[in-house]
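Chemist: Build me a structure from this.
(chains A and B)
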There are 2 protein chains.
Amino acid sequence: MAHEEAKILSLSAFDARRAGEVDPAIRDLVARRYRSFGGSSYLLYNEPLHVVRASGVFLYAQDGTPYLDAYNNVPSVGHCHPHVVEAMSRQAALLNTNTRYLYDIIYDYAERLLATYPAALGNVAFTCTGSESSDLALRIARSATGGQGIVVTRNAYHGNTTAVAAISPSTGADVPIGIDVRTVAPPAFGNKPTRKRIAQFAEDVAAAFADLKRHGIRPAAFICDSIFASDGIYADPPGFLVQAAGAARAAGALYVADEVQPGFGRTGSHMWGFQRHGVEPDLVILGKPMGNGLPVAGVVAKPDILAAFSKSSGYFNTFGGSPVAAATGLAVLEVIENEGLMENASRVGAYLSGGIRKLAATHGKISDVRGAGLYVGVEFRDAAGQPDPHTAQFVVNDLRRQHVLIGTSGTGHILKIRPPLCFSTDHADQMLAAMANALAA
Amino acid sequence: MAHEEAKILSLSAFDARRAGEVDPAIRDLVARRYRSFGGSSYLLYNEPLHVVRASGVFLYAQDGTPYLDAYNNVPSVGHCHPHVVEAMSRQAALLNTNTRYLYDIIYDYAERLLATYPAALGNVAFTCTGSESSDLALRIARSATGGQGIVVTRNAYHGNTTAVAAISPSTGADVPIGIDVRTVAPPAFGNKPTRKRIAQFAEDVAAAFADLKRHGIRPAAFICDSIFASDGIYADPPGFLVQAAGAARAAGALYVADEVQPGFGRTGSHMWGFQRHGVEPDLVILGKPMGNGLPVAGVVAKPDILAAFSKSSGYFNTFGGSPVAAATGLAVLEVIENEGLMENASRVGAYLSGGIRKLAATHGKISDVRGAGLYVGVEFRDAAGQPDPHTAQFVVNDLRRQHVLIGTSGTGHILKIRPPLCFSTDHADQMLAAMANALAA
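Modeler: Numbers count the residues shown, from 1 in each chain, chains lettered A, B, ... in the order given. As a prediction, this is how the structure comes out:
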């Protein structure tokens, strides 16, 4: 864990040095955890949460207490959704092998998934995780362009492999950004985005590629999460990515959309974050919500770009696109459609954001409420206008005390709210009441 | 696909240019496949196999024909094993989240897994795939040693991320080996391994690290699959890795055991391939059979080595160590123990190898039969002693015609036989009869 990052996390994360002091009910679990895992992982919240079951938007503690989950975007259609569990279980009992054999369900799934994309994005390569997808996108982009240079945002997170950690500055200061990587400031246009600021973002991308070229590094890709989840959640105005993607292409690079965070309907208005911006990527990175908890992921590609890579290398992923992965992914798409979850994200997201804005009006420390659909960021700044991670982390831990779960983004001063997409206005009311209490405290 | 590799694969793999000529029953599936996947993946066998269900050691075609699976090491305890499917399905309906919360089953699993290791290997970090595990092992080894240099065998395969492809020469000639990577000849000691040849393997490792140092690259790790699955399957004599691991450590590198192929009891005598050699690694890479088809994988580590990495970076894997992954992995360990699968691998492996040796005695083209437990290699050479991939590939495709499934290793001239561990002597007899037919043809 990098020092700065660790400092921020420690405000909301559990401090391992306190392992002996925790509630006796979880002391044994915490001890067992550190014994087997060492220091390689961290627990959320000042008081770690021991969960035993989950359903819909609730995680349940051992004593039966429900915790409202307003944070987990992996169980995107709801924890343990029966339609998804049933599809997965049925397929697991029937057939689960790899794509070197022919079986039907993988083509059903691939076609259903690709039907949600613009026609030009006609191919998919299945993987297991968003990290594998980002890594594969790097390999494809570098192979197709013959370049190595990558541009990302300043606090980007795209995954955890060696190559992807090097394009993920948010991993922390002790993990070097690659020598063939440049970063640009995130599109924090403020409450009144001007034409000039939007143009500046594209100019930054152009300048980053120019700098790469000046160092003898040929451009390969501009990789961008259109909701800027780790940078601080910047959604508006829709369309601002058009100029940035154009700048990348003018430099000879591909534009790669990382849809791990905004994808699968979360932003409410569109299935994919890039569609909200009216821009068409060359490659798309998919992960987290794709299998509602099962490791299902992939890269969607323009066929000629994938072909350029396939000719030189080829790609086989043992578990990627297995019958169980396909059955699960297909069930997730069915639930999103059948339950109108994208429309729900739009409706409940607007309701929730509106409620938080009302709270913000009477609490000076909230400097901005922003986002799209069920991806909401709440920024805290102190009287001097400086980022205020302490208040944000206090709110996170106080909400946990009130049985509501959220997290943070950016440098720890922005609440990150992204519940399962079946979140209702009643759930939003519960959350808003808890937030009012936390802000009053 | 690299050219050489493609040439070899094309002998047994399906040729995409023949998509219009295949059996009308599968023509539509093949067309759909290429439409959605492009050229990024290949199908096994001259005649692709369309499967609809699987159980134990059999895959079933649409018309009900059973195919004896003597190839797939992922469904290691048997296709769709009811105990594993039940454990996974039960957990998926109850709770599936990530390791930033406390839940019991992950510690149960971690402890049960670590109990199969020497005491010094006391920590585990869970991932989803062998590729993720290899990539994480690289990150840990490089962080712990401060070096970058890696030594692998000449036709090694450790996975498919950017960094891991660079230590996997078998990916093909068009995917460059890393500038900080050196290769050594695999331990093909021949039928009479001499003390000199064994010492030579260790000397090669030492020389590779010396060459890295001469180029200013500090040693990080010697990474080695103790069954040498992609190099040509070299198991004997047990113990030959001791000197090689010693040479790596003398150079300041870690010794990393890739157990994706030999692990989980496959070699019959031990749970882990490195135990068969009486050597103790610093890091262990786990993958494929760990979840019997579900993406469950991990890195087992000496705690001080993992701690060195955790201090600078930390590691979080969204799906790694989820309750479903843990329940599934735990069920796999239970089946291996309850059904005595390691002992079965030893007994049936010896029976199968013995049977193939008898066939070899009357068929001049088989130059060697080798392996350990249910990992068997059968090498073909022509009269001049040159590798004979054509005969090997003919046998693979002829066995498929007789409803028996195997694959190849090395440069395509070695049959790779590694069935699910519940393979019986009756199954071995079926396979031997088919092989006798294929060799007679």
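
Chemist: what does the stretch 201-350 of chain A have sitting close to chain B?
Modeler: Counting by CB under 8 Å from any CB of the partner chain, the positions of the stretch 201-350 of chain A adjacent to chain B are A:287-288, A:293-295, A:301, A:303, A:306-307, A:309-319, A:322, A:324. C-betas here are computed from N, CA, C, even on glycine.

Chemist: switch to 10 Å and redo it
Modeler: Counting by CB under 10 Å from any CB of the partner chain, the stretch 201-350 of chain A comes close to chain B at A:260, A:287-288, A:291-297, A:299, A:301-307, A:309-325, A:328.

Chemist: What's the ChimeraX syntax to select whichever of those residues are buried?
Modeler: ChimeraX command restricting these to the buried ones, with burial defined by 16 or more other CB atoms under 10 Å in any protein chain shown:
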select /A:260,287,288,291,292,293,294,295,296,297,299,301,302,303,305,306,307,309,310,311,312,313,314,315,317,318,319,320,321,322,323,324,325,328
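
Chemist: Show only the entries of the residues of the stretch 201-350 of chain A next to chain B found in helices.
Modeler: Filtering those for membership in helices, criterion DSSP state H, returns A:303-307, A:309-312, A:323-325, A:328.

Chemist: pLDDT check: weakest of the residues you listed?
Modeler: Least confident entry in these, by pLDDT: residue A:312, with 81.

Chemist: Tell me the gap between the helix or strand hosting residue A:331 and the middle of its chain.
Modeler: Assessed by DSSP states H and E, residue A:331 sits inside helix A:323-338. Remark: helix A:323-338 is offset 19 Å from the chain centroid, using CA atoms, centre = their mean, to the nearest Å.

Chemist: Who are the packing partners of that helix?
Modeler: If contacts are counted by 3 or more CB pairs under 10 Å, 6 or more residues apart in numbering or on different chains; DSSP states H and E, helix A:323-338 sits against helix A:82-94, helix A:104-114, strand A:123-127, strand A:297-301, helix A:341-361, strand B:51-55, helix B:82-94.

Chemist: Would you mind writing the CA trace of the fifth one as CSV?
Modeler: This points to helix A:341-361. Coordinates of each C-alpha in helix A:341-361 appear next as CSV, following Å, rounded to 0.1, in the frame of the first residue of the first chain:
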residue,chain,number,x,y,z
LEU,A,341,-32.9,-1.7,-14.1
MET,A,342,-31.4,1.0,-16.4
GLU,A,343,-34.6,3.0,-16.1
ASN,A,344,-34.6,2.4,-12.4
ALA,A,345,-31.0,3.6,-12.2
SER,A,346,-32.1,6.8,-14.0
ARG,A,347,-35.2,7.4,-11.8
VAL,A,348,-33.8,6.4,-8.4
GLY,A,349,-30.4,8.0,-9.1
ALA,A,350,-32.1,11.4,-9.8
TYR,A,351,-34.2,11.0,-6.6
LEU,A,352,-31.2,10.2,-4.5
SER,A,353,-29.0,12.9,-6.0
GLY,A,354,-31.8,15.4,-5.5
GLY,A,355,-32.1,14.4,-1.8
ILE,A,356,-28.4,14.7,-1.2
ARG,A,357,-28.5,18.2,-2.9
LYS,A,358,-31.2,19.2,-0.4
LEU,A,359,-28.9,18.0,2.5
ALA,A,360,-26.0,19.9,0.9
ALA,A,361,-27.9,23.1,0.9
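
Chemist: ok, back up a step: of the helices and strands packed on helix A:323-338, which is nearest residue B:187?
Modeler: strand A:123-127 (32.5 Å; CB to CB).

Chemist: strand partners of that closest one, parallel vs antiparallel please.
Modeler: strand A:297-301 (antiparallel) (DSSP bridges).

Chemist: tell me the angle the strand it pairs with makes with helix A:104-114.
Modeler: Orientation check (axes from the mean of the first three to the mean of the last three CA atoms, to 10 degrees): strand A:297-301 against helix A:104-114 gives 60 degrees.

Chemist: Direction-wise, compare strand A:297-301 with helix A:303-312 and give the angle.
Modeler: Relative orientation of strand A:297-301 versus helix A:303-312 (the same axes, to 10 degrees): 110 degrees.

Chemist: pLDDT of strand A:297-301, averaged?
Modeler: 98.

Chemist: Show me chain A divided up by domain.
Modeler: A:49-77+A:341-440, A:82-338 (automatic domain parsing).

Chemist: Flag the shaky bits of chain A, pLDDT-wise.
Modeler: A:1-12, A:39-40 (pLDDT under 70).

Chemist: ranges for the helices of it?
Modeler: Using DSSP H, the helices found in chain A span residues A:3-12, A:24-37, A:82-94, A:104-114, A:130-145, A:162-165, A:195-214, A:241-250, A:273-276, A:303-312, A:323-338, A:341-361, A:389-401, A:425-440.

Chemist: How far off centre is the fifth one?
Modeler: Which is helix A:130-145. Chain-centre distance of helix A:130-145: 18 Å, with CA atoms, centre = their mean.

Chemist: and it, is it in reach of chain B?
Modeler: Yes - where contact is defined by CB under 10 Å from any CB, part of helix A:130-145 touches chain B, namely A:130-132, A:134-136, A:138-140, A:142-143.

Chemist: Chain B: which of these is nearest?
Modeler: Minimum distance to chain B across those is 4.5 Å, recorded for residue A:135 (CB to the nearest CB).

Chemist: for residue A:191, what are its contacts?
Modeler: When the contact criterion is CB atoms under 10 Å, 6 or more residues apart in numbering or on different chains, the partners of residue A:191 are A:236, A:367-368, A:370.
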